[in-house]
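# starting from these lines, generate the structure:
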Amino acid sequence: MRPQSAMHAPLIVDLPARLAAIGDPRHTRGRRHSIGCILAVALCAIPSGARSLRAIGPWAQAAPQHALARLDARLTSAELGIRSAPSPSTIRRALTMCAPAALAALARPEEIGVLAVDGKTLRGTATAEQAAVHVMAAMAPGGRIAAQLTVPAKSSEIAALQDLLGPLDIAGAVVTADALHTQPASSRLIAEQFGADYILTVKANQPALFDQVKRLPWGQAPTGATPRHRAHSRSETRTAKALSLDGLCFPHAVQAVRIRRHITDLRTKKSSWTCAYVVASLTAERAGAAEIASLVRGHWGIEALHHVRDATFGEDACKVRTGHAPANLAALRSLAALLLRALGRTTVPDALRWVSHECFKRPLDLIALR
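Numbering: from 1, shown residues only. Reported below is the predicted structural model:
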């Protein structure tokens, strides 16, 4: 177990103050609980095991007075020092109305060097009449979400990329994305409008580009990296090769990299391999095969976060679909995962279980409430 002193070194400076500074969309008339209190309640309930709005309300109602005081809940009897928790309907209304961009930006780093872009469908929000809500996020190294937005219905991640990156200063940064964004329009947007570099996966959705990259003289390219990893009962060796490009029919691409993964199951001894291709606007002087392969591996971090939100927080089973609530809950789950990882436990589920054992103290320590 990590020393208790680690709980007093907040990962996000002044997180309670940042929660309180988020714009309150509710009408000023009839407000009884501050927006900071309501959001702090939701953020504390999630690492305590609450998987939906229905579960956050009872956590708040069960909170003892010492926890409500730290949450700055409404004081109903000044003489006795008695406080009351926000009701389930108040919490639901606030999370339905709050701007998701503000919640998503709570952990945004001051400087952005690398940004992984990926989208996720919140499957539980689908009905017979409406498609599931789809959110798209940009994540900095370490699991910090820099921006998130809801992709409008009947639109796509490609069209939403400009709005996602628009609020960020990413000049000189590197943006990584999957094959969906390997589009000339996306590459020009990143390089020309935002002044950033890109690393984009090449697959068969761009058949001409895929065929051209696949046919490059990889046998003549020097091997740039062969890192080995052992985890999850697997041994994995990655071999990366890079070639400088001349005349590739893709905007701003100056390098192509091939990453071969050789995987051995340590229990069955069976082996398999995969091959992935990427194109990059980074020159060989700025990043060689090893560096680009490392950045590609880092991109999987956002996919791992999506898995944690599903497997640990039950995101795909959550049927909340009203207003901004799906996107806001997604942002709070990402923030909770970031804070739980900082505890240094073996896994996020281990950290969640440890926090939930004292569910009205440890979550409040986690977000540095005094």
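
# can you list the buried residues in the longest helix out of those in the chain?
Assignment by DSSP state H gives helix 289-311 as the longest helix of the chain. Neighbour-count burial for helix 289-311 flags 289-293, 295-299, 301-302, 305-306, 308-310 (criterion: 16 or more other Cβ atoms under 10 Å). (C-beta placed from N, C-alpha, C; glycine too.)

# then stretch 178-193?
178-183, 186-187, 189-191.

# element containing residue 251?
Assigning secondary structure by DSSP states H and E places residue 251 outside every helix and strand.

# same question, residue 236
Here residue 236 sits within strand 234-244, counting by DSSP H and E.

# and the gap between the closest residue to residue 25 other than its chain neighbours and residue 119?
Spatial nearest neighbour of residue 25, excluding adjacent residues (Cβ to Cβ, 6 or more residues apart in numbering): residue 97 at 4.1 Å. With distances taken as Cβ to Cβ, to the nearest Å, residue 97 is found 24 Å from residue 119.

# give me the neighbour count for the residue nearest to residue 25.
18 (other Cβ atoms under 10 Å).

# quick one: contacts for the residue nearest to residue 194 when sequence neighbours are not counted?
Of all residues not flanking residue 194 in the chain, residue 170 sits nearest, at 5.3 Å (Cβ to Cβ, 6+ apart). Residues near residue 170 by Cβ atoms under 8 Å, 6 or more residues apart in numbering: 112, 115, 194-196.

# mind doing that once more with 7 Å?
Going by Cβ atoms under 7 Å, 6 or more residues apart in numbering, residue 170 touches 112, 115, 194, 196.

# the first one sits in which helix or strand?
So the one you mean is residue 112. Applying DSSP H and E, one finds residue 112 in no helix or strand.

# which member of the buried residues of stretch 178-193 is positioned nearest residue 260?
Closest approach between the buried residues of stretch 178-193 and residue 260, by Cβ to Cβ: residue 179, at 17.3 Å.

# give me the phi and psi for the closest one.
Dihedral pair for residue 179: phi -60, psi -20, per degrees, to the nearest 10.

# which residues touch stretch 57-73?
Here stretch 57-73 has contacts from 33-34, 36-37, 40-41, 45, 48, 50, 82-86, 88, 91, 360, 364, 369-370, using Cβ under 7 Å, 6+ apart.

# mind giving me the ChimeraX command for buried ones among those?
Of the contacts of stretch 57-73, the buried ones go into a single ChimeraX selection, burial set by 16+ other Cβ under 10 Å:
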select :33,34,36,37,40,41,45,48,50,83,84,85,86,88,91,360,364,369
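
# please narrow the contacts of stretch 57-73 to those residing in helices.
Using DSSP H, the contacts of stretch 57-73 in helices are 36-37, 40-41, 45, 88, 91, 364.

# redo those as a markdown table? Include pLDDT.
Listed next are the ones in helices among the contacts of stretch 57-73 as a markdown table, based on pLDDT from 0 to 100:
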| residue | pLDDT |
| --- | --- |
| 36 | 96 |
| 37 | 97 |
| 40 | 97 |
| 41 | 97 |
| 45 | 97 |
| 88 | 95 |
| 91 | 96 |
| 364 | 96 |
